[in-house]
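*Asks:* I'll drop the sequence and a predicted model, then ask my questions.
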Amino acid sequence: MSGLQFGSLTTIALIAVALLFDFLNGLHDSANSIATVVATRVLRPFTAVAWASFFNFIAFLVFGVHVAATISNGVVEPHLVDPMVVFGALAGAIVWNVLTWRLGIPSSSSHALVGGLVGAAVAKAGPDAVIWYGLGTIGAAIVLSPMIGMLLALTLTVVVTWIFVRSTPFAVDRRFRVLQFVSSSLLSLAHGGNDAQKSMGIITVLLYSQGYLTGAFHVPLWVVLSCQAAMALGTFSGGWRIVRTVGSRVTRLTPVQGACAESGGAVALFAATYLGIPVSTTHTVTGSVVGVGAARRLSAVRWGITRHILIAWVITLPASALMAAVCYWVARML
């Protein structure tokens, strides 16, 4: 087999793995979009995942590709990226995603991919392979995104409670059951807009490294559509273990609280996506759910569950980086 043919087959296989990661991202992170709307019984589970999948797919009509550009050029030195690095990054992220999905832990698919990219690049070229400023920005987002989601959701809950203080609980519940359709749609749109772009960035930098793309950075339309479709299909497949953790085990939700949590998370994700920051929808939504619970009373939040989630957040980057480095070394030996 010629080198050109081998290279083409390798590229096709890695694109398939990247789309698999996008599918697993949707599967793993489906709770972000549907947990609150299912927990409040506004939508049945099947209807909720179909609803979320649709908005996951059409997100490319709203957002640009700023996050994809960050993944391609802002985490590790682009000239060091080759098929082995891409394989290590994807394999490490997929292993971590599957492990946390099986355990029902809402860890971050986004940061698993970033950690995988860093781990594989460091395994190839050492610490100089990392663009530390870009990684630092993403690291800051690990801390800030759940805090911003929590503060926005808490503020919305307090404001809504004050506005409807003279209304009956039944009237408020009925109104916010309708409003939750809107907030759930916005959150699903934000999820598809930010998360699908991670795989777009990986595929695009791979295509540039192999000479299939040249010139100024751009993401081909077929890459955009493939990644959005893979994520939507993953969301449609559902992630019920994580839905239970986010939707009911962190705090019990009413339709008012569900709408506030979704709206707070969506606003934070919209802003990050337009700024090109690959944040974690899992972190942001979980922070929003904690915020609405804390607005009611601090004891309404099950802090033991929240602590376990926080531990998963902290170890995601180094754990996925280590797994990616191992996958890279194994691939090199083979």
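*Replies:* It's in.

*Asks:* Let me see the ranges of the strands in the stretch 101-250 of the chain.
*Replies:* Taking DSSP state E, counting those that start in this stretch as the criterion, the stretch 101-250 of the chain carries no strands.

*Asks:* Find the residue ranges of it scoring beneath the pLDDT cut-off.
*Replies:* Applying pLDDT under 70 to the stretch 101-250 of the chain picks out residues 104-107, 238-250.

*Asks:* now the helices for this structure?
*Replies:* Applying DSSP state H to the chain gives helices spanning 3-39, 45-57, 66-73, 83-103, 109-125, 132-163, 169-209, 221-237, 240-244, 255-275, 281-296, 303-333.

*Asks:* Make CSV from those helices and add mean neighbour count and distance to Gly215 to it.
*Replies:* (Each C-beta comes from the backbone N, C-alpha and C, glycine too.) Below are the helices of the chain laid out as CSV (neighbours: other C-beta atoms under 10 Å; distance: least, C-beta to C-beta, whole Å):
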stretch, mean neighbour count, distance to Gly215
helix 3-39, 22, 18
helix 45-57, 21, 28
helix 66-73, 23, 14
helix 83-103, 23, 21
helix 109-125, 28, 23
helix 132-163, 18, 22
helix 169-209, 23, 9
helix 221-237, 21, 15
helix 240-244, 20, 40
helix 255-275, 26, 24
helix 281-296, 29, 32
helix 303-333, 18, 29
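
*Asks:* Can you give the distance from stretch 108-124 to the centre of its chain?
*Replies:* Offset of stretch 108-124 from its chain centre (C-alpha atoms, centre = their mean, to the nearest Å): 14 Å.

*Asks:* repeat for stretch 42-55
*Replies:* Once both centres are worked out by C-alpha atoms, centre = their mean, stretch 42-55 turns out to sit 18 Å from its chain's centre.

*Asks:* Put the alpha carbons of it into PDB.
*Replies:* This file holds the C-alpha atoms of stretch 42-55, laid out as PDB (Å, rounded to 0.1, in the frame of the first residue of the first chain):
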ATOM      1  CA  VAL A  42     -42.500  19.100  31.700                       C
ATOM      2  CA  LEU A  43     -41.500  16.600  29.000                       C
ATOM      3  CA  ARG A  44     -41.500  12.900  28.800                       C
ATOM      4  CA  PRO A  45     -37.900  11.500  28.400                       C
ATOM      5  CA  PHE A  46     -38.300  10.400  24.800                       C
ATOM      6  CA  THR A  47     -39.800  13.800  23.800                       C
ATOM      7  CA  ALA A  48     -37.100  15.600  25.700                       C
ATOM      8  CA  VAL A  49     -34.200  13.900  24.000                       C
ATOM      9  CA  ALA A  50     -35.800  14.400  20.500                       C
ATOM     10  CA  TRP A  51     -36.400  18.100  21.400                       C
ATOM     11  CA  ALA A  52     -32.800  18.500  22.600                       C
ATOM     12  CA  SER A  53     -31.300  16.600  19.600                       C
ATOM     13  CA  PHE A  54     -33.100  19.000  17.100                       C
ATOM     14  CA  PHE A  55     -31.600  22.100  18.700                       C
END
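
*Asks:* avg pLDDT for that stretch?
*Replies:* Averaged across stretch 42-55, the pLDDT comes to 79.

*Asks:* and what of stretch 71-88?
*Replies:* In this model, stretch 71-88 carries a mean pLDDT of 91.

*Asks:* Could you do stretch 322-329 as well?
*Replies:* Per-residue pLDDT over stretch 322-329 has a mean of 94.
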